[in-house]
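> build me a model from this:
(chains A and B)
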Amino acid sequence: MPTTDNTQVQLPDENGHFGQFGGRFVSETLMGALEELEEVYKKLSNDPNFQEEFDKDLAHYVGRPSPLYFAERLTEKVGGAKIYLKREDLNHTGAHKVNNTIGQALLAKFMGKPRVIAETGAGQHGVASATVAARLGLECKVYMGEEDVRRQALNVYRMKLLGAEVIPVTSGTKTLKDAMNEAMRDWVTNVDNTFYIIGTAAGPHPYPMLVRDFQCVIGRETKQQCMNQIGRLPDAVVACVGGGSNAIGMFHPFIEDESVRMIGVEAGGHGLETGEHAAPLSDGRPGVLHGMRTYLMEDDNGQIIGTHSVSAGLDYPGVGPEHSYLKDINRAEYVAINDDEALDAFRTLTQVEGIMPALESSHAVAYAMKMAKEMSPDQVIVVNLSGRGDKDIHTVAGIDGIEM
Amino acid sequence: MSRIEACFAAMKAEGRKAIVPYVTGGDSNPSVTVPLMHALVEAGADVIELGVPFSDPMADGPVIQLACERALEHGTSLTDVLAMVAQFREQDQTTPVVLMGYLNPIEVMGYETFSKNAKAAGVDGVLVVDMPPVESAGLMAAMKAESLDIIFLIAPTTSPKRRKAICEQGSGYLYYVSVKGVTGSKALNVDEVGAYISDMRQDTDLPICVGFGIRDGQSAAAVSKVSDGAIVGSVLVNQIAELANTPGKIPAAVAGIVKEMRQAIDA
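Just a heads-up that it's a prediction; the model follows:
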């Protein structure tokens, strides 16, 4: 939600631009719906009733604030800077995604839309959408790439139990980007009664802005908790970046605190040099997809290319436009972690702290471990532990050659 | 006078309505497209909308998404589609050709290079589905420098304020989207379309063609009564899909559908 933190950085501009990035590159058939959403959001974000209901839900339904946890044994094992974990994995439904779905479902409720739709990759956003839809009594349809339906069977069944209909998407690469295309098509067709809950800080304006605003609770709490627990701001905050909603939620409240390094960790897949990855900020170039100008993975003819990551939630060829902007103005750094390194971090954190991170979040853990070694023991890194790893047990077991 | 302008002016003088077929360049394979374009003209097409395949055609329905996938299997690029237009122009210098597609392939080529190459190939207008007027300043300047028409969509959900702006910035003709939905959508309501279009005439003198949801002679004829022309895509692309394994039969079969529509419109 817009608060004093967010007014410090006055972006996006009125057309949804973050520098040259962002904007609203959609068919005219969607413009009316986006204009309506922008109007409503402008009004509601200043409405005390809306704000109050959002805060209440975050406290009593999601379970916020989430703890800031000092990972003492991990710190000892790595040697170097102190590693703290922002425990978004402890939220209701097990990831940061719910902060945003609570906010957007409230928008749907205030707009009187009885039906919500969502796209999902790993299934976390789908589960979070189905959850809030169940709670508010809204009809819910979730679009999911056929490939991801297979990889994330557990979350598919969770969504069904919650009363949502999961629609496998068979077009294109059958992953997150194609699910987003299908959800947009549904929205265009059923715009009168439907709210589209986008799961990440991407897409056409105003989505990157409103998703960021809903996720900023992560960074605001972290800031406060750092002051309370260590008496100062951290030296660095680290978060994984697929579309980038958990990262922007962590980063945004720190943008003007220039002593705090902000590091986004992309999915290096089999390695940047192989081309089989999902790291547009590390190895892509600016283009236009899904309603925004941003860094993309594309071929020389401007076609979007298939991505690879062991984590379905990072398997996306674009990235939220504010990250593209933060990269170009050199305020945030973006790096990549390979599948193998993420899997190692997944095992390490599980074994030394008893915390099983999502494979997405394991990318951030892996990079923090690398960094910490090069830093001194009086320095502090906060890792946004964006989700828990239960959903990935099948994937990891498969890699270990175990059939479950 | 541009080819598009001349085409609509001539039709107006003769009291005729346009039929504007859409096919995706390179579908079902690249050698089909140019013979297909000639067959469409012979069947009575007034303007041809040629799709530039894109991996993520978000505003299109499943039929055109699959057409893009078939074309991309053969690696059909924007450069290839421009070459198809150039080849078409060797025999046909009068039928306007409008490229329809998404912005990213144009971004990669560069606005100025694209506009120069498009003009050189014999393209007359461009409709970039995911580029609303507010984002179009750069491309519009490059296209104007080459005297290319820029064609915009107007939807039933377009606000009066936006509609006015679109009418001011567009040229060639305006593409009115008849239904809320994607290409290949359900049947349209001709009365509603007619009412919207007569309202729209207050904002513009440009020809107004109607697309989305036109699937046979009857709907084409009904729409052409209340507009300047009917745009037909998905029903043609469906036919291409059915004949994808016997591409030699595609031009005649697709042209057959257009011919039937032509006759229904002229009746």
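
> hey, where'd the strands end up in the stretch 251-400 of chain A?
A:261-269, A:285-289, A:291-296, A:332-338, A:380-385 (DSSP state E, counting those that start in this stretch).

> what's near enough to touch the closest residue to B:Ala165 other than its chain neighbours?
For B:Ala165, ignoring the flanking residues on the chain, the nearest one in space by C-beta to C-beta, 6 or more residues apart in numbering or on different chains is B:Pro133 at 5.8 Å. Backbone N, C-alpha and C define where each C-beta goes, glycine included. B:Pro133 makes contact with B:Phe152, B:Ala165, B:Ile166, B:Gln169, B:Gly170, according to C-beta atoms under 8 Å, 6 or more residues apart in numbering or on different chains.

> what separation do you get for B:Pro133 and A:Met31?
Distance of B:Pro133 to A:Met31, computed by C-beta to C-beta, to the nearest Å: 10 Å.

> ok, now B:Lys116?
Noted for B:Lys116: a distance of 30 Å to A:Met31, by C-beta to C-beta.

> now swap in A:Gly302 and tell me
Taking C-beta to C-beta as the measure, A:Gly302 falls 23 Å from A:Met31.

> and the residue nearest the centre of chain B, bridged to which residues?
When chain B is reduced to its mean C-alpha position, the closest residue under C-alpha atoms, centre = their mean turns out to be B:Glu49, at 3.1 Å. With DSSP bridges as the criterion, B:Glu49 is bridged to B:Tyr22, B:Val98.

> now do it against chain A, distance only.
Per C-beta to the nearest C-beta, to the nearest Å, B:Glu49 is found 15 Å from chain A.

> the residue in the stretch 151-300 of chain A that chain B sits nearest to: neighbour count?
Among the residues of the stretch 151-300 of chain A, A:Thr189 lies closest to chain B, at 4.1 Å counting by C-beta to the nearest C-beta. If you count neighbours by other C-beta atoms under 10 Å in any protein chain shown, A:Thr189 ends up with 17.

> picking up where we left off before, got the contact list for the residue nearest to the centre of chain B?
B:Val20, B:Pro21, B:Tyr22, B:Val23, B:Val98, B:Leu99, B:Met100, B:Leu127, B:Ile231, B:Gly233.

> ranges for the strands of chain B?
Taking DSSP state E, the strands of chain B run over residues B:18-24, B:48-51, B:97-101, B:125-128, B:149-150, B:153-154, B:174-177, B:208-211, B:229-232.

> by neighbours, which of the contacts of B:Glu49 wins?
Of all the contacts of B:Glu49, the highest neighbour tally under other C-beta under 10 Å goes to B:Pro21, namely 29 neighbours.

> so what secondary structure elements neighbour the host helix or strand of A:Lys141?
For A:Lys141, the host element (DSSP states H and E) is strand A:139-145. Under the contact criterion of 3 or more C-beta pairs under 8 Å, 6 or more residues apart in numbering or on different chains; DSSP states H and E, strand A:139-145 touches strand A:115-120, helix A:124-136, strand A:165-169, helix A:176-189.

> spatially central residue for chain A, please.
Mean-position check on chain A, C-alpha atoms, centre = their mean. Result A:Ser245 at 3.2 Å.

> list the contacts of that one.
Contact partners of A:Ser245, counting by C-beta under 8 Å, 6+ apart, are A:His96, A:Lys97, A:Asn100, A:Gly199, A:Thr200, A:Ala201, A:Ala202, A:Val211, A:Arg212, A:Gln215, A:Gly320.

> greatest separation within these: which pair is it?
Greatest spacing in the contacts of A:Ser245, by C-beta to C-beta: A:His96 and A:Ala202 (14.9 Å).

> quick one, which of these two is more surrounded?
Comparing A:His96 with A:Ala202 by other C-beta under 10 Å, the one with more neighbours is A:His96, at 33 against 28.

> doesn't A:Ser386 make contact with that one?
Yes - with contact defined as C-beta atoms under 8 Å, A:His96 reaches A:Ser386; the gap is 4.7 Å.

> follow-up on the earlier one: switch the strands of the stretch 251-400 of chain A over to TSV; also include mean pLDDT, mean neighbour count and distance to B:Leu66.
Converted to TSV, the strands of the stretch 251-400 of chain A look like this (pLDDT from 0 to 100; neighbours: other C-beta atoms under 10 Å in any protein chain shown; distance: least, C-beta to C-beta, whole Å):
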stretch	mean pLDDT	mean neighbour count	distance to B:Leu66
strand A:261-269	98	26	28
strand A:285-289	97	21	19
strand A:291-296	98	28	22
strand A:332-338	98	22	33
strand A:380-385	98	29	40
